[in-house]
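K.L.:
no letters, just coordinates:
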């Protein structure tokens, strides 16, 4: 299992996929015929399915999440000579894993390590939607924000400075009107840029923690980093443990976290299979 | 790799545990607060609003109103009264049309056809007078209200009102040791308890889900509304002057429904203090934006997903019930039909409880579907009271055109106001119908909890009507 996990993990170059094929298989996604896996997250009622349908067209099918009664849609598209698998995660308001939907979405993002996370955001409800975005950004930095329903926002007299938003969040933001296909070309381009490692993000981290919580997070993060030097989201794991998240504690006990890794230059990955 | 450094996985968990104690307080809340603060800051910097902002203000003021401490519950009551009123009055006409088609048009054709092909009388009786008529009845009484209620309910859900209801009721349910989302499954139970039991899937904790499943039966379902309305109209409505009759009988039905809600709270509280002890799980309930509902799509999906699904199960159970009714009134042992023997046996118990043997037998026969209680009661009463010239013969379910005709029959059967009140109470508080029992078994996978969910309301119902009967008679004696 471990060696297989590492085999799928041979990012000798920046442009190679980072997704975790072995874990993805457990999550019901077979990556044999695909180059990259893109996950689609977002609050309910943001037009997530519209984006999904617009990107995949007829190349899609639905099933269930393994062992769950929650339906899942997945599909695919080709772009720039690469084959992308698109997985629609359940619509959630949060990733704090209090419901089955949230747990499914969270586990996919954490253990599946998708090459690109597209978070569909309702432009008319930016504040509410950002709660989810900020939580996603704690887990992965390979994020694109699809700022959807821009027409509705305009109709309600809202002006959204998407460049400012991109700067604040530290990840690309693409304004779209998915219903009419507007902005989807650009969305595909940005997805490809992140998948191939062409653009690198510096995502926002949750700031307004109380001093006591901040100290605790730093202390625990340091310990987690020394145990899992390649883990891309040690701070988030620390936050989850402090919140008493049983699933994450279990992942630590079972050693699931040690199979996850980030791809950065200062921590070269040793490919054991060679 | 794992040997690197001195820390082990266990150390990390230990540190986390120690730090959790050190920080104290509600870490989850602090974390959520930090995320919300960040989100608010960023949104504030990037979004500018020009001119008037009708939608934002409208949403806010609607929320302010429907979740307010003072207006929240009256509005909730008003909206649901409206939904029930539309359901009850709107279902009348299509119910009658379907009934006249299935019973007045199809039924004679079937009977004649059976006679023509020389089917033995007992077989045509069993199949046509028993099974066919029971199914026809369920169709005509259940289909129209479900086809109206479910889409209306789904529209409210789609519009974004239901999460606000859960928000309003969350606190009460939490105080009862149950989950706030139980408010939603209870609402669904007002349409159909089987659907309500399925709706408890939205509750993740098994303990709280069981509480929601067991208490769902106290939400008065569609099958029981007709009983309540008919009995309230002919017994309670006739007590007051004509111009008040409609209002008073409607109010008595609404109070029965409210009693059901009250029982939901009391039984939930009781269960969470006894067999189902445990922590109340918190959940963050986001109030989603109000959206204009997609009416056609909603009607389509709610009819396909809910109405047809529930109706199909009801039909499956109505077929054997029809056969049982017909057989029990047509098989004679020692000069009396089996039904008559059972009524004679049940009469003393029934009278003690302020009901009578006919009603108890009707409830036993109607375990498959509450819809057939009233027709069974009427049919059995006609038979026992020996009325001539009414009804269509032994074992044939029928519905009388006028409420007054029904009153005459029931008076002849020895009914009093107490019988009516207790029938309304017992209709609210008794075992779930077999469709619901089957659904409970499918959902919990446990015989034990299915039995609890079946017998607990039955016991409670018997106790209630027994007490009401004793007090009623004591008061009547003193007066």
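P.N.:
Arrived safely, thanks for sending. For clarity, every value in this text was computed on a predicted model and none was experimentally measured.

K.L.:
list the buried residues in stretch A:30-40.
P.N.:
Residues A:31, A:34, A:35, A:36, A:37, A:38, A:39, A:40 are the ones in stretch A:30-40 that count as buried (16 or more other C-beta atoms under 10 Å in any protein chain shown). Quick note: C-beta positions are derived from backbone N, CA and C, even for glycine.

K.L.:
residues contacting residue B:311?
P.N.:
Neighbouring residues of residue B:311 by C-beta atoms under 8 Å, 6 or more residues apart in numbering or on different chains: B:138, B:139, B:142, B:143, B:146.

K.L.:
hey, where'd the strands end up in the stretch 251-400 of chain B?
P.N.:
Secondary structure of the stretch 251-400 of chain B, counting by DSSP state E, counting those that start in this stretch: strands at B:332-333, B:336-337.

K.L.:
hey, which of those strands is tucked in deepest?
P.N.:
strand B:336-337 (a mean of 16; mean count of other C-beta atoms under 10 Å in any protein chain shown).

K.L.:
so what are the sheet partners of that one and their directions?
P.N.:
strand B:332-333 (antiparallel) (DSSP bridges).

K.L.:
I'd like the strands of the stretch 251-400 of chain B as JSON lines, with distance to residue B:115 and mean pLDDT appended.
P.N.:
Putting the strands of the stretch 251-400 of chain B into JSON lines (distance: least, C-beta to C-beta, whole Å; pLDDT from 0 to 100) gives the following:
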{"stretch": "strand B:332-333", "distance to residue B:115": "23", "mean pLDDT": "82"}
{"stretch": "strand B:336-337", "distance to residue B:115": "23", "mean pLDDT": "82"}
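
K.L.:
ok, which of those comes nearest residue B:249?
P.N.:
strand B:336-337 (34.0 Å; C-beta to C-beta).

K.L.:
can you give me how far the closest one is from the chain middle?
P.N.:
Computed by C-alpha atoms, centre = their mean, to the nearest Å, the chain-centroid distance of strand B:336-337 equals 35 Å.

K.L.:
tell me the one among the contacts of residue B:311 nearest to residue B:71.
P.N.:
residue B:146 (30.2 Å).

K.L.:
the closest residue to that closest one other than its chain neighbours and chain A, how far apart?
P.N.:
Nearest-residue entry for residue B:146: residue B:307, 4.6 Å, with adjacent residues in sequence omitted and distances by C-beta to C-beta, 6 or more residues apart in numbering or on different chains. Plainly put, residue B:307 is 21 Å away from chain A if you go by C-beta to the nearest C-beta, to the nearest Å.

K.L.:
in this structure residue B:307 contacts residue B:144, no?
P.N.:
No: the criterion here is C-beta atoms under 8 Å, and residue B:307 misses it with residue B:144 at 10.0 Å.

K.L.:
re the thing from before, return the residues in contact with the residue nearest to residue B:146.
P.N.:
Applying C-beta under 8 Å, 6+ apart to residue B:307 gives the contacts B:143, B:146, B:147, B:150.

K.L.:
ranges for the strands of the stretch 1-150 of chain B?
P.N.:
B:47-49.

K.L.:
can you map out the strands along the stretch 51-200 of chain A?
P.N.:
Under DSSP E, counting those that start in this stretch, the stretch 51-200 of chain A gives strands at A:60-64, A:71-79, A:82-88, A:116-122, A:143-148, A:158-160, A:173-175.

K.L.:
which among the ones you listed is found nearest to chain B?
P.N.:
For those, the distance to chain B is smallest for strand A:158-160, at 4.8 Å, taking C-beta to the nearest C-beta.

K.L.:
quick one, domains of chain A?
P.N.:
The record's domain parsing of chain A by automatic domain parsing lists A:11-196, A:211-261.

K.L.:
wait, which of those is closest to residue B:95?
P.N.:
domain A:11-196 (34.4 Å).

K.L.:
how far does that closest one sit from the chain's center?
P.N.:
Its chain's average C-alpha position is 7 Å from that of domain A:11-196, according to C-alpha atoms, centre = their mean.

K.L.:
so it, near chain B or not?
P.N.:
Yes: Domain A:11-196 lies within reach of chain B by C-beta under 8 Å from any C-beta of the partner chain, at A:43-45, A:69, A:93-94, A:96, A:98-100, A:122, A:124-128, A:130-131, A:133-135, A:156-162, A:164-165, A:168-169.
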